[in-house]
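In: Got a predicted structure here, sequence first:
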Amino acid sequence: MPGIIVPEEDDEPVDDGTSADVQGGRERGQIIHKLLEEVLTRETEDGLSVLAERAGVLIGALGQSNVEDPAKGLSSAEIAGCVARTLALPRSPP
């Protein structure tokens, strides 16, 4: 069963410069899920530039436009960063 990481009560949030207003939604979730799946099955490399390029392709496949500001729509750079940070999380022991 996967573990859940719960911060201690006195832990302060860490500003790593990655927080931004992000327009969430079904399409963003689909792209993130697809990218994670592709990396885990080794169909796609996990480098940030490769993830951003692939996210751009997937955004276009959904008939959407790639935008720079993630608060205004789907941003391949933001999605790639999200996937890269997720993949960098420590794995819990089995």
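Out: Thanks, I have it.
In: Can you report phi and psi for residue 24?
Out: phi -80, psi 180 (degrees, to the nearest 10).
In: Residue 49 versus that one, what's the distance?
Out: Noted for residue 24: a distance of 24 Å to residue 49, by CB to CB, to the nearest Å. (Each C-beta comes from the backbone N, C-alpha and C, glycine too.)
In: any weak-confidence spans in the protein?
Out: Along the chain, segments meeting pLDDT under 70 span 1-20.
In: And for residue 66, the neighbour number?
Out: Around residue 66 there are 17 other residues, counting by other CB atoms under 10 Å.
In: Confirm for me that it is in contact with residue 57.
Out: No. If you go by CB atoms under 8 Å, residue 66 and residue 57 don't touch, sitting 9.5 Å apart.
In: Return the residues in contact with the closest residue to residue 68 other than its chain neighbours.
Out: Nearest residue to residue 68, sequence neighbours excluded (CB to CB, 6 or more residues apart in numbering): residue 75, at 6.3 Å. By CB atoms under 8 Å, 6 or more residues apart in numbering, the contact set of residue 75 is 66-69.
In: are any of those residues buried, and which?
Out: 66-67 (16 or more other CB atoms under 10 Å).
In: could the contacts of residue 75 be laid out in a markdown table, adding distance to residue 30 and secondary structure?
Out: Shown next, in a markdown table, are those (distance: CB to CB, whole Å; DSSP: H, G, I helix; E, B strand; the rest coil):
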| residue | distance to residue 30 | secondary structure |
| --- | --- | --- |
| 66 | 15 | coil |
| 67 | 17 | coil |
| 68 | 21 | coil |
| 69 | 20 | coil |
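In: got TSV for the contacts of residue 75, with distance to residue 88 too?
Out: Converted to TSV, the contacts of residue 75 look like this (distance: CB to CB, whole Å):
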residue	distance to residue 88
66	23
67	25
68	23
69	24
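In: out of the contacts of residue 75, which one sits closest to residue 42?
Out: residue 66 (24.7 Å; CB to CB).
In: just to revisit the earlier point, now flag whichever of the contacts of residue 75 is closest to residue 87.
Out: Using CB to CB, these come closest to residue 87 at residue 66, 21.0 Å.
In: Good, we can wrap up now.
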